[in-house]
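[1] below: sequence and its predicted model.
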Amino acid sequence: MNIQKIEQEVQQWLEDVVIGLNLCPFAAKPNRNKQIKIFVSEATTEEALLEDILQELMNLDSKTTEELETTLVAIPNMLQDFMDYNFFLDWVDALIKQQEWEGIYQIATFHPDYCFGGAEPEDDENLTNRSPYPVLHLIREESMEKVLKHYPNPEAIPDTNIARVEALTLEERRKLFPYLFV
């Protein structure tokens, strides 16, 4: 496993897809300010992955937002099956609850085979959450609340994102999501 290559692929996805398509209107500033950490987990078991996530949440908890705003945990060695990934999220939620971090941290989810409930796997809307590897985005709720206060109509973000990805040409999709066309 080449950790540096995986970090670069996740960074490329962050810059080209998440920021480039403005899927998350709040990501550009912390990326510019080097406040986003990409952590590549080498875990091959759920227990080891939970330990990595705990360590990254503790790291986030020990830093100010100026030092570290958010963390992307890339998971290249496991949870390739989207259903397994979804089931694992229950363990992450339990971890946050156990550590009494509810209301402090939340998780956003990304996966190469991401599929929203009620959607078909080939539906365009799934592209908004498709990443080169399974990824857990560790988010500070306080930071999210701050930016949402100043963002007009945040409820429209998902629909705007779906419209953006639906408008992509096949060539643009191949360029932005090369891992989906292997």
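    Cool, got the structure.
[2] before we move on, what SS does the most centrally placed residue in the chain have?
    With distances taken as Cα atoms, centre = their mean, the chain has His137 as the residue nearest its mean C-alpha position (3.9 Å). His137 falls in the strand class when you classify it by DSSP: H, G, I helix; E, B strand; the rest coil.
[3] contact partners for it?
    His137 makes contact with 70-73, 107-110 under the criterion Cβ atoms under 8 Å, 6 or more residues apart in numbering. C-betas here are computed from N, CA, C, even on glycine.
[4] show me what it is bridged to.
    Partner residues in beta bridges with His137, using DSSP bridges, are Leu72, Ala108.
[5] ok, it to Leu14 distance?
    According to Cβ to Cβ, to the nearest Å, His137 stands 10 Å off from Leu14.
[6] which residue ranges of the chain form helices?
    With DSSP state H, the ranges of helices along the chain come out as 3-13, 28-32, 46-61, 82-98, 141-149, 157-166, 170-176.
[7] dump those to TSV, plus distance to Cys115.
    Conversion of the helices of the chain to TSV gives the following (distance: least, Cβ to Cβ, whole Å):
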stretch	distance to Cys115
helix 3-13	18
helix 28-32	26
helix 46-61	21
helix 82-98	6
helix 141-149	24
helix 157-166	14
helix 170-176	16
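[8] and the ones you listed: which comes nearest Tyr114?
    Taking Cβ to Cβ as the criterion, helix 82-98 is the member of the helices of the chain that comes nearest to Tyr114, at 6.7 Å.
[9] buried residues of that closest one, list them for me.
    82, 85, 88, 92, 95-96 (16 or more other Cβ atoms under 10 Å).
[10] got the contact list for Pro121?
    Taking Cβ under 8 Å, 6+ apart as the test, what Pro121 contacts is 113, 115.
[11] what pLDDT does it get?
    At Pro121 the predicted local confidence, pLDDT, stands at 95.
[12] can you list contacts of the least confident helix or strand in the chain by mean pLDDT?
    Evaluated with mean pLDDT, DSSP states H and E, the helix-and-strand set of the chain has its lowest mean pLDDT in helix 141-149, which scores a mean of 88. When contacts are taken as Cβ under 8 Å, 6+ apart, the neighbours of helix 141-149 outside the stretch itself are 26, 65, 69-70, 103-106, 154.
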